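Enquirer: predicted model and sequence below, questions to follow.
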Amino acid sequence: MTGSVPERLGGRIVVDDVRPSTPSGDRPAKAVIGGTTTLSADIFRDGHDRLAARVRWKPVGNGKWCAAPMAHVSNDRWEAVVEPTSLGMHMFVIEAWTDRVATWQHDIEVKHEAGQDVTLELQEGRLLLEERAGHVAQAYRAVLREAADRLAGDWRAGLDPALTEVLALAPDPLDHTLSPPHELWVDRERALVGAWYELFPRSEGGLRAAAERRLPAVAAMGFDVVYLPPVHPVGRTCRKGRNNTLEAGPDDPGSPWAIGSEEGGHTAVEPSLGTIEDFDRFVAKAEALGMEVALDYALQCAPDHPWVREHPEWFHHRPDGAIKYAENPPKKYQDIYPINFWPAEDGDREALWTACREILDHWIAHGVRIFRVDNPHTKPLAFWAWLIPAVQAEHPEIVFLAEAFTRPKVMAKLAEVGFSQSYTYFTWRTQKAELQEYIEEVCLGRKADYMRPNFWPNTPDILSGPLRGGPPAAFALRFVLAALSVPSYGIYSGYELGENEPASPGNEEYLYSEKYEVKHRDWNQPGSLAPLITRVNAIRRDHPAFAELGGIHFHYAHNDQLMVFSRRTPDRSDVVLVVLNLDPHNPQSGTLWLDLAELGMPADEPFLGHDELTGETYTWQGPAPYVLLHPTRQPAHVLHVRRTAP
C-alpha cells in the first residue's frame, strides 16, 4: 500500500439530497404550521446490511428536539412526515445508522427457512440485543433483554415487532451518521392557502364606504384576503389621465402606484380615500367578516413624494441633474421615480433601507399581516434577503407575496431569499400540455420546497389569453382552474362581471383601466360569476385536499380540451377529481383514463363521484368513464371520490 490514509475519512453511510431544500442551501426551505411536511434524503452504504434513519427537528433558539423514524420509500430514498407546531425558524437533521438487529433478523429468518443451523446466529442475536439494551432509554431496556432471554427457546422472539419500535427510538452508535443541519422556515397557513380578492377602495367611494358596501359581498363569496392597491397620497406632478394618457383632467385620480404628495408618503393615507382611522376601521371590518387585509408595498415615489425633496440621493439622476423616471420600454411612467437602492454612500444605503423597513413597521402596527410587493425583481436581492428575515424575526406571522412577472430564475431566487408566495406564470399558460407541465413544476418539482404559487387569471395590468374579448365561460374555466389547481389564487375585482376589453390588440392591459380612473360597476348585473365563485370557495374550504400543494396528480384524457387532475390529502382521507373543459366556446366530451390507485379506488368495484358543483352523484366502475361538459352550463366536474361501501 502506497501513500497515506487521509486524516479525515467519510463515514460508511451516505446521506445525500436532503429535502426540502433551496438551491443555494444557505436559505431555509418552507413549511406551514399545522400542515404536514415531508423530510427526505437518499441514504445508503456499502454492502447489504440493513439501515435505519430518523429525522430530528426543533425551533431555533428554544424548544426541545422532536424525532420521527424515517421509512424507506424506494431506490434508497427515505422519508418522514412531520407536523411543525410553532412559527418561525426551525432546524432539522437526518440521522442514519447500520441497523444490526434488522440485518440479523433478516439473515436468521432466511437461514432458518433454508433449513440451515442457526445456533451461532442465536448467540449473536442474544449478544446484540443485550448490547443495544445499553443504548435505549431505561423504560425500554426490559423489552430487549426479555427478547434476548427468549431466544434460546424460540428464535422467533428476535422478530418481535416491539423490538423494531423500541430500536427506532435510539440510533445504533455503530456507523451513526448525521447530516449537516438544515433550516426550515415555518409560516402560518395563509402563506400557503388562501383566496384573494383585489379591490380598489376609491371605486367604492373610499375606505369607509368600501368597508360597509363592498366588504360584506366579498366575504360572502368566500374570500380569505382582500388586497388593496396602495392607499397612499397620489402625486400630482405628471399625474396620468384616463387610459394612461399624459394629461390628467381635474377629476382624474391618477395611479395609486404614483406614491407621494404634499400630504405625505408611504405612511400616509390618500385624503380622497379617508383617514388612517378609516383604514383601521376597514381592517377591523374585514377581520369581523373573517378576512385579512393585504396591502400593496410599492417602493417607488411620485415626483411630489417627501423623499424626493428630503433625500435626492435615494434616486437615479440623469446627466442634466434631473431625476430619472421609470421606464419599461416602450412603456414610460413619468409619474413614478424608481428608487436607487444602492446609493454611492453606505450611510445613505443604510438610511434608505431602514426607511423602507419603517414603512412595514407602520402598517403592521395598523393590523396589516400580508403585503403584496410590487415589482420586487427591480430591487436588489440583497435588500430582500435583509428585509424579510428582519421583519419576520419580530413578526413571524407576516406574509409577503411577490408580484414578480420576471425571468424564471429571478422569480425562484426571490422565493429563496424569503418571499412567502409568488404570482407565477399561470396567467400565460393556456394549453393543456403547458398547463400540466407548469402546475407539476410548481407543485411537485424542487421549487415546491421553497416557492409557493399564487395563481391569478388576471390583474389590473394583465388581461391575457382566452379572457381577451372572451365569453363568460372563459372567465369561469380560468377561475375554476386557478382556484382548484393550487392552494392560493386571486382575482382582480370585475372578474366576476367578465370585463374583457383589452387596451389594444397588442396590449395586455385593460381599456379604461382602473389604475387610472374610478370604475362604477353594477355588482348585481345578470350573468355574474359570483355564485360560481361562492360555490368553489366553499368547496375549497370543505375539502382539505385543496390545501395540499403536492397532492395533485394528472390523469389522462385523449381529448386535449379536457384537463383531468385529482387532489388528495397525504392519507387519502379526502380525494377530489376535477375534470375541466378548456374550450370556452364548445362542448367537449371524451373517455378518461383514471389512475385508480392514485384515487384509492378499487379496480373491480363501483365507486362514487359526488359533483360538488351540481350536487349530482355518479357511480363509476373501472378507469374509463365518459364525460361531457358544456362550457355555458358547467365548466367542470368537481367530484368528491369515495368508495360505495367501507
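Expert: Looks like it arrived, so ask away. Numbers count the residues shown, from 1 in each chain.

Enquirer: what's the spacing between stretch 463-482 and its chain's center?
Expert: Offset of stretch 463-482 from its chain centre (C-alpha atoms, centre = their mean, to the nearest Å): 23 Å.

Enquirer: next one: stretch 65-79
Expert: 24 Å.

Enquirer: first-to-last residue distance for it?
Expert: Length of stretch 65-79, first residue to last, C-alpha to C-alpha, to the nearest Å: 18 Å.

Enquirer: residues of that stretch that come out buried?
Expert: 66-68, 70, 77-78 (16 or more other C-beta atoms under 10 Å). For every residue, glycine as well, the C-beta is placed using N, CA and C.

Enquirer: the domain parsing of the chain - what is it?
Expert: Per the record, the chain has its domains at 13-186, 550-643, by automatic domain parsing.

Enquirer: want to throw those into TSV with distance to residue 495 and mean pLDDT?
Expert: Putting the domains of the chain into TSV (distance: least, C-beta to C-beta, whole Å; pLDDT from 0 to 100) gives the following:
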stretch	distance to residue 495	mean pLDDT
domain 13-186	27	90
domain 550-643	14	96
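
Enquirer: picking up where we left off before, now tabulate the buried residues of stretch 65-79 in CSV and tack on secondary structure.
Expert: CSV is the format used below for the buried residues of stretch 65-79 (DSSP: H, G, I helix; E, B strand; the rest coil):
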residue, secondary structure
66, strand
67, strand
68, strand
70, coil
77, strand
78, strand
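
Enquirer: which stretches in the stretch 251-400 of the chain count as strands?
Expert: 292-297, 300-301, 326-328, 331-333, 337-338, 370-374, 399-403 (DSSP state E, counting those that start in this stretch).

Enquirer: which helices and strands does the first one pack with?
Expert: Read that as strand 292-297. On a contact count with 3 or more C-beta pairs under 8 Å, 6 or more residues apart in numbering; DSSP states H and E, strand 292-297 meets strand 225-228, helix 276-288, helix 346-365, strand 370-374, strand 399-403.

Enquirer: which strand or helix spans residue 197?
Expert: Per DSSP states H and E, residue 197 falls inside strand 194-198.

Enquirer: check which element follows that strand along the chain.
Expert: With DSSP H and E, the next secondary element past strand 194-198 is helix 207-213.

Enquirer: skip ahead from that next one and say which helix or strand is next.
Expert: Beyond helix 207-213 on the C-terminal side, the first helix or strand identified by DSSP H and E is helix 215-220.

Enquirer: returning to that earlier point: and of the helices and strands packed on strand 292-297, who's closest to residue 38?
Expert: The minimum distance between residue 38 and the helices and strands packed on strand 292-297 falls on strand 399-403, with 22.2 Å, by C-beta to C-beta.

Enquirer: buried residues, stretch 112-122. List them.
Expert: 118, 121-122.

Enquirer: what about those, which are in helices?
Expert: Cross-referencing the buried residues of stretch 112-122 against helices under DSSP state H gives 121-122.

Enquirer: that older thread, relative to residue 54, which of the strands of the stretch 251-400 of the chain is closest?
Expert: strand 399-403 (31.6 Å).

Enquirer: returning to what we had before: between the strand holding residue 197 and strand 292-297, what angle do the directions make?
Expert: Here the directions of strand 194-198 and strand 292-297 differ by 60 degrees (axes from the mean of the first three to the mean of the last three C-alpha atoms, to 10 degrees).

Enquirer: what strands line up against strand 194-198, and which way round?
Expert: Strand 194-198 has its sheet partners listed here by DSSP bridges as strand 225-228 (parallel), strand 488-492 (parallel).

Enquirer: touching the first one from outside, list them.
Expert: Under the criterion C-beta atoms under 8 Å, 6 or more residues apart in numbering, residues 190, 194-201, 215, 218, 286, 291-296, 370, 372, 490 lie in contact with strand 225-228.

Enquirer: over to stretch 255-272?
Expert: Residues from elsewhere that reach stretch 255-272 (C-beta under 8 Å, 6+ apart): 200, 202, 206-207, 229-236, 238-240, 253, 275-276, 278-279, 296, 298, 300-302, 304-308, 333, 335-336, 358-359, 362-363, 374, 515-516.

Enquirer: which of those residues are buried?
Expert: 200, 202, 206-207, 229-235, 238-240, 253, 278-279, 296, 298, 300-302, 304-308, 333, 335-336, 359, 363, 374, 515-516.

Enquirer: could you list every residue that touches the nearest residue to residue 160 once chain neighbours are set aside?
Expert: Once flanking residues are discounted, residue 160 sits nearest to residue 147: 5.6 Å by C-beta to C-beta, 6 or more residues apart in numbering. Applying C-beta under 8 Å, 6+ apart to residue 147 gives the contacts 129, 157-158, 160, 162-163.

Enquirer: what helix or strand does residue 147 sit in?
Expert: Per DSSP H and E: residue 147 is located in helix 138-150.

Enquirer: and after that helix, which helix or strand comes next?
Expert: Using DSSP H and E, the helix or strand that follows helix 138-150 in sequence is helix 161-167.

Enquirer: tell me the buried residues in that next one?
Expert: Within helix 161-167, the residues that qualify as buried are 163, 166-167, counting by 16+ other C-beta under 10 Å.

Enquirer: equivalent analysis for stretch 560-580, please.
Expert: Burial within stretch 560-580, assessed by neighbour count using 16+ other C-beta under 10 Å, is assigned to 561-569, 574-580.

Enquirer: swap in stretch 550-563?
Expert: Residues 551-555, 557, 559, 561-563 are the ones in stretch 550-563 that count as buried (16+ other C-beta under 10 Å).

Enquirer: of those, closest to residue 82?
Expert: residue 551 (16.6 Å).

Enquirer: any idea which residue sits dead centre in this structure?
Expert: Centroid-nearest residue in the chain: residue 452, 2.6 Å away (criterion: C-alpha atoms, centre = their mean).

Enquirer: got a pLDDT number for that residue?
Expert: Reading off the confidence values, residue 452 has pLDDT 97.

Enquirer: quick one, what contacts it?
Expert: In this structure, residue 452 makes contact with 30, 191-192, 415, 420-422, 487-488, 549, judged by C-beta under 8 Å, 6+ apart.

Enquirer: going by distance to residue 393, which of those residues wins?
Expert: Proximity of the contacts of residue 452 to residue 393 (C-beta to C-beta) peaks at residue 420, which lies at 14.7 Å.
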